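A.B. asks: structure of the sequence below:
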Amino acid sequence: MILLTLPDAILTRICGEYLLLEDLARLDTALVRNDSNRQKYLDMLSSPQFGVAMDPQFKRRSMTSIINKPYSYSAVSTRYFRLSDSFAWLYKRGVKVSSMSLWNHVNDLLLVRVSNYFRDLKYLTISLQQEQDDWLTDAFFVLLGFNMRQLTSLRLLVSKHITDISIIEISNYLCLRELILYLCDQISDRAILALARTQRDIEVLDISCPLITDVSFVPLIQANKKIRSCNLRSCAIGDAGVTAISAHLSQLTILNLMECSSITDKSVKLLKNPIESLWLCNCYNLTDEAIIAVSKNLPDLKDLDLFNCPLITNDSIIRVAANLRGLKSLDIRYTRASDLAVEAIVTNLSLKELFLCHCDITDKSIHQIATSQLELEKFYINECIKITDKSVIELAKLDRLTRVYCDETNITDQSLYAFAAKTTPLIELGIRNCPHVTLQGRDAVRSHVIKYFVDGNDDVEGDEFDNDEDDEDGDDNEVIGDDNDDEDEGGDFEGDDEI
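C.D. replies: Numbering: from 1, shown residues only. Now for the predicted structure:
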């Protein structure tokens, strides 16, 4: 793996047979500007700890990845040429690269060089998360498919300009096992139909594009029955698509139907796959009937997200708690859940994550959770206005609890004092828009929480804790400005800490 400028503290933690750098462009600049810095890096990279020396043996090393995560550059043109020269340097020395990830500031010229230099590439990720960074057009993909015949994994994240032409082109040359087209707004049924005609071995599928409908999705999954993970966020998928999933994808374990607002109880009731994670948030038409069927038909379910399904009531949540004893994460924010639902959850489940924002719950529910056998690590009670200090102080005694969000509640400084007294410090604490919390309370908890979130969506970090544990969770490095913490899988793609 090649990462391109890690500070010494990170470099010294790396061991094994692969050389890790980060941001060759920035490193090159540092080496040219400062001779002492150059020698320091060369000595470190040549040390036995890395198993790679800057000598002729280096060119016989097989590198598993090149990852370019740019942070700050004085000029785009300078950055491009430096990075291209770095790729050329690797190519001339016979370095074998199997995986590459390019984050932001990616253009056609750069990727043409990539396709020419690294024809044995198997895994390619291109992430364009800021609109001003999206310089990628269809021109590159003509060469991508033709030159990179070994490519089995293609991840294209948040691209505004790639169209059906690109996907149709690569479908003629590649045999993909993983295809991710995350929030690519120009991709439509035409591209997916081309994939349905040429691809047979897709196992991981993410086509979170708003123009994709049942017309193309159904043929695609009929041709690719090995799919294990399927993300359809924001697609115009209806009941026909979900029905096809239940009929053809017998190996499916992860299904994301987030914001597929056209689906109804009719299709969701038919799901019988070995699904372990199911996201149904913002599926406004779903009722208790569908969720009760899910609780019966999906016994392996471990993660269920019903965020903002306004027709869901206590009836179905009670059945979920009774039937899905292996559930570890439950999101019932903005449903009609009340104390009755929480009582069933506490009685039957052993959850690690529970989200109750904007539910009609009282101190009774929090007391039951605080005195139960739940192994809660993450707990959200945002906008639960009936919650008071009395129960939250009890909640603070849970040792395993590391992430708590109490935004827009009526808690006071007394709750913060209780969190500050926890034996195990919190990793995250949300107290935005809590009218009875004062500056004194915030100061009291500051040194006992790694990150806490206050009014104005400010992310305030404690200064006495190492945040390594936080980095393991996909959504923890995000700038959290959304009280609802909607989609953690977006964190799969976002949230890389700036070094």
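
A.B. asks: please compute how far the helix or strand where residue 146 lies lies from its chain's middle.
C.D. replies: Using DSSP states H and E, residue 146 sits within helix 139-147. Counting by C-alpha atoms, centre = their mean, to the nearest Å, helix 139-147 is centred 28 Å from the centre of its parent chain.

A.B. asks: buried residues, that helix. List them.
C.D. replies: 140-145, 147 (16 or more other C-beta atoms under 10 Å). Backbone N, C-alpha and C define where each C-beta goes, glycine included.

A.B. asks: nearest to residue 447 among those residues?
C.D. replies: Of all these, residue 447 sits closest to residue 140, with 49.5 Å by C-beta to C-beta.

A.B. asks: and of the buried residues of helix 139-147, the nearest to residue 361?
C.D. replies: When the buried residues of helix 139-147 are compared for distance to residue 361 (C-beta to C-beta), residue 141 wins out at 50.4 Å.

A.B. asks: what sits against the closest one?
C.D. replies: When contacts are counted by C-beta atoms under 8 Å, 6 or more residues apart in numbering, residue 141 touches 162, 165-167, 169-170.

A.B. asks: check what pLDDT it gets.
C.D. replies: Per-residue confidence (pLDDT) for residue 141: 72.

A.B. asks: same question, the one 4 residues further on
C.D. replies: The per-residue pLDDT reported for residue 145 equals 80.

A.B. asks: can I assume it is in contact with residue 168?
C.D. replies: No - applying C-beta atoms under 8 Å, one finds residue 145 not in contact with residue 168, separated by 9.5 Å.

A.B. asks: just the ones of the contacts of residue 141 in helices?
C.D. replies: Among these, the residues falling in helices (DSSP state H) are 165-167, 169-170.

A.B. asks: quick one: which of the residues you listed is nearest to residue 370?
C.D. replies: residue 167 (51.1 Å).

A.B. asks: can you tell me how far the closest one is from residue 449?
C.D. replies: 45 Å (C-beta to C-beta, to the nearest Å).

A.B. asks: likewise residue 270?
C.D. replies: 45 Å.

A.B. asks: mind checking which of the two has more residues around it?
C.D. replies: residue 449 (26 against 18; other C-beta atoms under 10 Å).

A.B. asks: which residues touch that one?
C.D. replies: Applying C-beta under 8 Å, 6+ apart, we find residue 449 in contact with 419-420, 425-429, 462.

A.B. asks: just residue 345 next, same as before
C.D. replies: 317, 321, 330, 351, 354.

A.B. asks: one step back: between the helix holding residue 146 and helix 164-171, how many degrees?
C.D. replies: Taking axes from the mean of the first three to the mean of the last three C-alpha atoms, to 10 degrees, one finds helix 139-147 and helix 164-171 inclined to each other by 10 degrees.

A.B. asks: where does the stretch 351-499 of the chain dip in pLDDT?
C.D. replies: Applying pLDDT under 70 to the stretch 351-499 of the chain flags residues 456-499.

A.B. asks: which stretches of it form strands?
C.D. replies: With DSSP state E, counting those that start in this stretch as the criterion, the stretch 351-499 of the chain has strands at 353-355, 378-380, 403-405, 426-430, 449-454, 458-461.

A.B. asks: starting from the fifth one, tell me which strands it pairs with and how they run.
C.D. replies: Within its sheet, strand 449-454 is paired with strand 426-430 (parallel), strand 458-461 (antiparallel), according to DSSP bridges.
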